[in-house]
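1. any chance you can model this:
(one chain, ligands or ions: 1)
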Amino acid sequence: MSPVPAPSAPIPVIVLAGFLGSGKTTLLNHLLRACRGTRIGAIVNDFGAIEIDAMTVAGQLGDSTVSLGNGCLCCAVDVSELDGFLEKLARPAARLDVIVIEASGLAEPQELVRMVLASENERIVYGGLAEVVDAAEFDATRARHPEIDRHLGVADLVVLNKTDRVDEDGRARLRAELAALAPGAAVVESVYGRVDPELFFDPRPNEERVGQLAFEDLLDDAHHGDHGDHSGHLHAAYDSVDFTADRPLHPRRLLDFLDSRPEGLYRIKGFVDFGAADPRNRYAVHAVGRFLRFHPEPWPAAAERRSELVLIGSGVDGPALRTALAGARVTGSPGDLPDERSMWGVLRYVPGPAADERDQQDERGEREYAADDGYAEEPPEPDTDLGQ
Ligand SMILES: Nc1nc2c(ncn2[C@@H]2O[C@H](COP(=O)(O)OP(=O)(O)OP(=O)(O)O)[C@@H](O)[C@H]2O)c(=O)[nH]1
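-> This is a model prediction of the structure:
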């Protein structure tokens, strides 16, 4: 009925948190400005309290949804309404590529993360929790709000913002402290929230602008004129490592690699060829922080059978990652041929359609599978602090 095709990839939903004034809105505006052709849905707690620059060129659509100049959508919600808005933003007709939820300064981000993970909406996927930290105020904020330690403990990405206000020694100390408080998370520095959008999502080329206003240009002039040069580069505050393998990867060894992925490795994306273990499908892989998902899809007729991964993080050792992944390739020796059973570990991370297969395996008593939330065991921390 609808002329709009369903998007093939699930839409990542990113939770953007951080204490009052740390720079969340500034970062969100940067993403909106830098997104160009990428269609971002933004969900904010309260229009009144948060001044989204883009609102200056926005038109109300009613129902708490606002259409921004380049086709982005924005909603104002209570946490209780979140699922409804996710549903609304994720509908195929909205054609969004990514959804960002900006937590209000005092919100417990765990609550939002839990709601995203609990959502039964098949069109979305958890895209990570980014915690914005004010470098200049961190010590004082922490003294006043010790709960910041808990927030950092569940972050997938820590953006150490306002580094223009701290000297180099101070930045080094903060990075070390944050690395200890946010184990496993990548820590990137920023000034005025100018992080590379690729940390959050895959920006599209600018082919699909909607609406008449080139609002990112307006914003550059009207709101950011004295914050330095915006025409220039989004400095890569992270490392990006490519890996390609012409031989299939062994599902068990790839999972071993993923289960023990090093700290600071924030995103993994790409396609995996599991060879004889599942000759019909390739597996899109999506990892953010400790969250992992596989999405099987039939090999396109013309596609070469190979695995291609991109690993993004800060302070990661590229050659070591490549070597570790190369070790996951099937060797071809008779004892090393993956079969269907080798796929069970991977299937734990496949949402929806694989559930039947998993259930059958469960019935046979072969294996107990994790909940369908992308975590092998417990999701990080959130569950322990909530719901009392
Ligand atoms: N010096 C400096 N100021 C910054 C930087 N990033 C943001 N700011 C300023 O810090 C103030 C707060 O930024 P916001 O983006 O509104 O912070 P927020 O986290 O959204 O704040 P709440 O919505 O109140 O929670 C604004 O005046 C920004 O212009 C930065 O990197 N350096």
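
2. can you show me the strands along the protein?
-> With strands called from DSSP state E, the chain shows them at 11-18, 40-44, 59-62, 65-67, 73-76, 98-102, 124-134, 157-161, 186-189, 239-245, 265-272, 281-288, 291-298, 307-313.

3. rank these by pLDDT, which is bottom?
-> Sorting these by mean pLDDT places strand 59-62 lowest, at a mean of 43.

4. for the strands of the chain, give me JSON lines that also has distance to residue 319 and mean neighbour count.
-> From N, CA and C alone the C-beta is placed, and that goes for glycine too. Below are the strands of the chain laid out as JSON lines (distance: least, CB to CB, whole Å; neighbours: other CB atoms under 10 Å):
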{"stretch": "strand 11-18", "distance to residue 319": "28", "mean neighbour count": "26"}
{"stretch": "strand 40-44", "distance to residue 319": "34", "mean neighbour count": "26"}
{"stretch": "strand 59-62", "distance to residue 319": "50", "mean neighbour count": "10"}
{"stretch": "strand 65-67", "distance to residue 319": "46", "mean neighbour count": "18"}
{"stretch": "strand 73-76", "distance to residue 319": "42", "mean neighbour count": "22"}
{"stretch": "strand 98-102", "distance to residue 319": "31", "mean neighbour count": "26"}
{"stretch": "strand 124-134", "distance to residue 319": "25", "mean neighbour count": "26"}
{"stretch": "strand 157-161", "distance to residue 319": "23", "mean neighbour count": "27"}
{"stretch": "strand 186-189", "distance to residue 319": "18", "mean neighbour count": "25"}
{"stretch": "strand 239-245", "distance to residue 319": "9", "mean neighbour count": "16"}
{"stretch": "strand 265-272", "distance to residue 319": "14", "mean neighbour count": "22"}
{"stretch": "strand 281-288", "distance to residue 319": "20", "mean neighbour count": "22"}
{"stretch": "strand 291-298", "distance to residue 319": "23", "mean neighbour count": "19"}
{"stretch": "strand 307-313", "distance to residue 319": "12", "mean neighbour count": "21"}
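
5. make CSV out of the ones you listed and add distance to residue 177.
-> Listed next are the strands of the chain as CSV, based on distance: least, CB to CB, whole Å:
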stretch, distance to residue 177
strand 11-18, 16
strand 40-44, 29
strand 59-62, 43
strand 65-67, 38
strand 73-76, 34
strand 98-102, 25
strand 124-134, 10
strand 157-161, 10
strand 186-189, 10
strand 239-245, 21
strand 265-272, 19
strand 281-288, 23
strand 291-298, 24
strand 307-313, 19
